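Enquirer: I would like the atomic coordinates for the input below:
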Amino acid sequence: YKTKKYLSKCIESAINGLEDSGISHEILILDNGSGDDLSDLEDKYKSEAVKFYYSGKNLGFGAGHNLLARKGESKYIFVLNPDCVVEKNSIKILFDFMEIHPEAGVCGPRIDLIGKNFFFHKKVFWPNKFIWKEFFDKFFNIKIFKNFNFIEYNPIVGSALFIRKKAFDEVGGFDENLFLYFEEGDLCNSLKNKNYKIYFVYNSVIKHFYGKSDVSKSFKIKHFIESRRYFYKKWYGDKKAEEMLKIEDTKDRNKILEKFL
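Expert: Below is the predicted model of the structure:
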């Protein structure tokens, strides 16, 4: 949705990442009512395993991916934001991990947020050991926890989710009541309720430019607040949700606004 200038790099990285992987695949792109003209990209990738679809209106994150998930038969779905770049072999690493972990409903890669503070998003979406593992590697070139490359963890970041299609279908896909935000936490909770496990896979790396869709900040804030309320009520009940929201609105309201403004 309004990320055309990043989309070509994303497609190229996925094509290169899947080259010689031995994985049968299709790359499906949905224009979610953005109004962008993608005809030049359709022409550019007409000889590749890339297909373009158009919703005609903005369905939201979850409904958009549900639409694409119905377009073909596959063992796995790799949900990927268009403002991401896939590092070489990262998709293969996630595929191989799922193949040897049938208990996994979804796994996610390590996300490198371009242009963001190192600790941005890590508190929620990263296990502590991986935060320190990357910190020492990135800033000091020191390898720690060398044999520690995956962990059961919930939630993982929604910008890149490698999902078992059977599990995805069992939970009915993404909850379309969530237009934007909290989709990954909701999906992970639904999968756990079906006794699937959620994993963070450190050696698979995706670079994410983050938040590059050309939409207003007020739009983002509105949907963040609405989705948070729906998510809390769904998973914690009305009373607990209201208690949590009251605390967060008092404590974190300014942080939420700063995040998007």
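
Enquirer: and the helices in the chain?
Expert: For the chain, helices defined by DSSP state H occupy the ranges 4-18, 39-44, 61-69, 90-100, 122-125, 128-140, 165-170, 183-193, 217-236, 238-251, 253-260.

Enquirer: burial check on the nearest residue to residue 168 once chain neighbours are set aside, number of neighbours?
Expert: Leaving aside its chain neighbours, residue 168 sits nearest to residue 77 (6.1 Å; criterion: CB to CB, 6 or more residues apart in numbering). Where you see a C-beta, it was placed from the backbone N, CA and C, and this is true even at glycine. A count of neighbours around residue 77, defined by other CB atoms under 10 Å, yields 21.

Enquirer: beta partners for residue 77?
Expert: Under DSSP bridges, the beta-bridge partners of residue 77 are residue 163.

Enquirer: doesn't residue 69 make contact with it?
Expert: Yes: Residue 77 lies in contact with residue 69 (CB atoms under 8 Å); the separation is 5.7 Å.

Enquirer: what is in contact with those two at once?
Expert: 165, 168 (CB atoms under 8 Å, 6 or more residues apart in numbering).

Enquirer: ok, longest strand in this structure?
Expert: If you go by DSSP state E, the chain has its longest strand at strand 197-208.

Enquirer: how about that strand: buried residues?
Expert: 197-202, 204-208 (16 or more other CB atoms under 10 Å).

Enquirer: quick one: contacts for residue 190?
Expert: Taking CB under 8 Å, 6+ apart, one finds 171-172, 175 in contact with residue 190.

Enquirer: also residue 226?
Expert: With the criterion set at CB under 8 Å, 6+ apart, residue 226 makes contact with residue 179.

Enquirer: in the stretch 1-150 of the chain, where is pLDDT below threshold?
Expert: Counting by pLDDT under 70, the stretch 1-150 of the chain shows no low-confidence range.

Enquirer: likewise the stretch 151-261 of the chain?
Expert: Checking the stretch 151-261 of the chain against pLDDT under 70 turns up 212-214, 251-261.
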